[in-house]
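Chemist: Sequence first, predicted coordinates after that:
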Amino acid sequence: MGNVKERTVQPSLFFSRRILFALFVALVALLLLSVVVQVWVWPAAVDRTVALFPETGPLAAQAILWGVCAVLCWQVIAVIGLELVSRALGNRADSSTRRWIGAVIGPLLVFAALVTAAFIALNERGDTPPGVLLGLTTGGLIALISAGALAVFLGSNPSLSMYSQN
């Protein structure tokens, strides 16, 4: 038994390396999927809507621009998430990790502003289908609540070293 090397593994308090790697792969897949949504799915959906409801034609360009910008906000958050996951995989939780987490607040607030602008524009034109307004309201509230929760989390000054695998 003297020749058998003992292998010590330091378990993470929250995530194993396997889960972190799966999260990394999922974020990359979501980024790729979001590009497909921006380039093909969203414009096609707007075209179908204009074909079904010709009165929405004047809003088509704004709808495509809004959709692309909204997806871009979530893409920025996904890229920040990739950085955070790669830091966790490399055991590199340091003081800059807080700044990366704080950086998520910006795109969330931009998304909430986009939702507010879309809500106002639709109300001004009188094009306010209940499903669209419910979706806008829900998306905006989720973004604002998430930004607020992150601000409270960062404001409470937690130690981020406990989230690393050391």
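Modeler: Everything's here; your move.
Chemist: pLDDT score assigned to Gln10?
Modeler: Gln10 is assigned 47 on the pLDDT scale.
Chemist: Check which helices and strands the helix or strand of the chain with the lowest mean pLDDT is in contact with.
Modeler: The weakest-scoring helix or strand in the chain, judged by mean pLDDT, DSSP states H and E, is helix 96-103 (a mean of 89). Applying 3 or more C-beta pairs under 8 Å, 6 or more residues apart in numbering; DSSP states H and E, one finds that helix 96-103 contacts helix 60-89, helix 130-155. Every C-beta, even on glycine, is put in place using the N, C-alpha and C of the backbone.
Chemist: mean confidence for the shortest one?
Modeler: Averaged over helix 130-155, pLDDT sits at 92.
Chemist: for stretch 39-46, same thing?
Modeler: Rounded mean pLDDT across stretch 39-46 is 94.
Chemist: Enumerate the positions of it that are buried.
Modeler: Residues of stretch 39-46 classed as buried by neighbour count (16 or more other C-beta atoms under 10 Å): 42-43, 46.
Chemist: Point to the residue nearest the middle of this structure.
Modeler: In the chain, the C-alpha nearest the mean C-alpha coordinate belongs to Trp74, at 3.7 Å (C-alpha atoms, centre = their mean).
Chemist: From Ala143, how far out is that one?
Modeler: Note on Trp74: its distance to Ala143, by C-beta to C-beta, to the nearest Å, is 10 Å.
Chemist: Common neighbours of these two, please.
Modeler: Jointly contacting Trp74 and Ala143 under the rule C-beta atoms under 8 Å, 6 or more residues apart in numbering are Phe111.
Chemist: returning to that earlier point: list the buried ones in the least confident helix or strand of the chain?
Modeler: Residues of helix 96-103 classed as buried: 97, 101, 103 (neighbour count, 16+ other C-beta under 10 Å).
Chemist: Deepest-packed of the helices and strands packed on helix 96-103, please.
Modeler: Among the helices and strands packed on helix 96-103, helix 60-89 has the highest mean neighbour count (mean count of other C-beta atoms under 10 Å), at a mean of 17.
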